[in-house]
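[1] One predicted model, sequence on top.
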Amino acid sequence: MGIEDKLKVLGLKKAYDFLAKDPVKNTPKVINMAKEFTGGKFMNGHLSAIENIFNEPNGNWNKFFLSLFEDIDEGQMKVAFNNWAINASVMGLKKQKEMSQKHNCNVPWAILMDPTSACNLKCIGCWASEYGNKLNMDLETLDSIITQGKELGTYFYIYSGGEPLVRKKDIITLCEMHSDCMFLSFTNGLLIDEEFADEMLRVKNFVPAISVEGYEEATDSRRGAGTFQGIMRAMKLLKERKLLFGISSCYTSKNCEVIGSEEYFDSMIEWGAKFLWLFTYMPVGNDAVPELMVSAEQRRFMLEKIRDFRQTKPLFTLDFWNDGEFVKGCIAGGKSYLHINANGDIEPCAFIHYADRNIKTSTLLEAYKAPLFQAYRAGQPFNENHLRPCPLLDNPDKLRKIVKNSGARSTDMISPENVDDLAGKCDDAAAKWAEMTEKFWDAEKGCTDMDRCRACAGCMDK
């Protein structure tokens, strides 16, 4: 980075104090600073989307933005601004683009990794209960992944598992070692106690996404008696300390009416969550239950509900599949993110358990340039209809070809899954969703039937 760029970054990082004095008045000015830094070459999509929020002073997104300054600890807001908005998004995206062009490969905005396969619960249908604590990446390996990632421009790291907070001491250590990064963790929340919440407040660059899939009866029936109340206690601790947190929900054929209900959204807001990360059930693994996959009608129901609620509910909501329109298709394979499991296998996606490289024997860059990730890069987007982004759920033939042509192997150590068997479980759902979306998808205009909130458009503007 040249002297001029360094001065611009220094100015952006000092901009938070200016922003916090009057967010409504000063945010557009900070956005203009960010645009100047990027030179108008990229990021304009989501910078302009944020700017548009302030054209509607009484709009839902404006109210949500202002609530962050009221409800979240000032110190954590400043760290999040510097680490996520500046390092990961402004500086990081610029460097990722440069590295991608230099090495002719995808370079991700975020890396999802599993510190351990161990978990404090044994939820029905979860593979972690089978793996137990057999798989772990040690602190040195996790540190190496982050260090390598930063060299390529990646400053956002997400933990999954197992239950990542089984390793909460190491997670705090990594927050300290990489104070310029932002960390998020999918967690069941039960290991969040007062001591850990105080540590979160101290380091300020760690944010939990707590798994909640409805209310007490549904949660406890799958995860065990007392789980829901434990989650409520964890969220209360976080809210009391004004710590930023969100919720992760998986919708299935059995619970999507609850997950997509106004009552549930209002509950999450009352609990103190500021974001919701939605996933749908994927039939991954030989013991998967395809009956839990949502129907085309249920998937459309969720798509419509989420876009409606974005207009009225102060909760930032992401839908991993149905938001494909806003990120131009599939974001896996390093286009915007990838997954490294607890055995070190470098997978294109958390739901695609195939790999041709392992972090124990390959660098991140070597994996990005290897056949599996190159096949993803060559195939993206996997469908011009961006409401059908996924090479598994929406275009299963694409995944068959990728895995076979790249020579990738199954990373399931207990029961390796043949890609034809995996893709076969999605063929029918993919065909029905294709038939439904063709009715309202226009190759040039996008979603013409459910085109509501575009405030999140361009969040992966690469």
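    Everything's here; your move.

[2] What are the contacting residues of the helix or strand where residue 366 lies?
    Using DSSP states H and E, residue 366 sits in helix 364-368. The contact list for helix 364-368, computed with C-beta atoms under 8 Å, 6 or more residues apart in numbering, reads 103, 105-107, 111, 145, 148-149, 152, 334, 346, 356-357, 359, 373. (Each C-beta comes from the backbone N, C-alpha and C, glycine too.)

[3] Just the buried ones from those residues, in ChimeraX syntax?
    Restricted to buried positions by 16 or more other C-beta atoms under 10 Å, the ChimeraX selection for these reads:
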select :105,106,107,111,145,149,152,334,346,356,357,359,373
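
[4] Tell me which of the contacts of helix 364-368 fall in helices.
    Of the contacts of helix 364-368, the ones assigned to helices by DSSP state H are 103, 145, 148-149, 373.

[5] Which two among these are spaced furthest apart?
    Of all pairs drawn from the ones in helices among the contacts of helix 364-368, the greatest distance, 17.5 Å, lies between 103 and 145 (C-beta to C-beta).

[6] What ranges in the stretch 301-450 of the chain fall below the confidence cut-off?
    Where the stretch 301-450 of the chain drops to pLDDT under 70, the residues are 443-444, 448-450.

[7] Helices of that one, start to end?
    364-368, 371-379, 396-406, 419-424, 427-437 (DSSP state H, counting those that start in this stretch).

[8] list the buried ones in the fourth one?
    Buried residues in helix 419-424, defined by neighbour count with 16+ other C-beta under 10 Å: 419, 422-423.

[9] Off-centre distance for that helix?
    Distance of helix 419-424 from the chain centroid (C-alpha atoms, centre = their mean, to the nearest Å) equals 25 Å.

[10] same deal with stretch 251-262?
    With C-alpha atoms, centre = their mean, you get 20 Å for stretch 251-262.

[11] ok, now stretch 368-384?
    Put simply, stretch 368-384 sits 19 Å off its chain's centre (C-alpha atoms, centre = their mean).

[12] Extract the C-alpha trace of it and format it as CSV.
    Output of stretch 368-384 as CSV, limited to C-alpha atoms (Å, rounded to 0.1, in the frame of the first residue of the first chain):
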residue,chain,number,x,y,z
TYR,A,368,-7.4,-21.4,-4.3
LYS,A,369,-5.3,-22.3,-7.4
ALA,A,370,-6.0,-26.1,-7.1
PRO,A,371,-8.6,-27.9,-9.4
LEU,A,372,-11.6,-27.8,-7.1
PHE,A,373,-11.6,-24.1,-6.5
GLN,A,374,-10.6,-23.4,-10.1
ALA,A,375,-13.7,-25.4,-11.2
TYR,A,376,-15.9,-23.3,-8.9
ARG,A,377,-14.4,-20.1,-10.3
ALA,A,378,-14.9,-21.2,-13.9
GLY,A,379,-18.5,-22.2,-13.3
GLN,A,380,-19.7,-19.1,-11.3
PRO,A,381,-22.4,-18.1,-11.6
PHE,A,382,-23.8,-21.6,-11.9
ASN,A,383,-27.1,-20.2,-13.3
GLU,A,384,-28.0,-16.9,-14.9
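
[13] Pull out the buried positions in that stretch.
    Neighbour counts over stretch 368-384 (16+ other C-beta under 10 Å) mark 368-370, 372-377, 379-383 as buried.

[14] now, which of those residues sits nearest residue 286?
    Using C-beta to C-beta, those come closest to residue 286 at residue 372, 21.1 Å.

[15] all strands of this protein, in order?
    Along the chain, the segments classed as strands by DSSP state E run 110-113, 156-159, 182-187, 206-211, 246-251, 275-280, 316-319, 337-340, 346-347, 354-355, 409-410, 441-442, 446-447.
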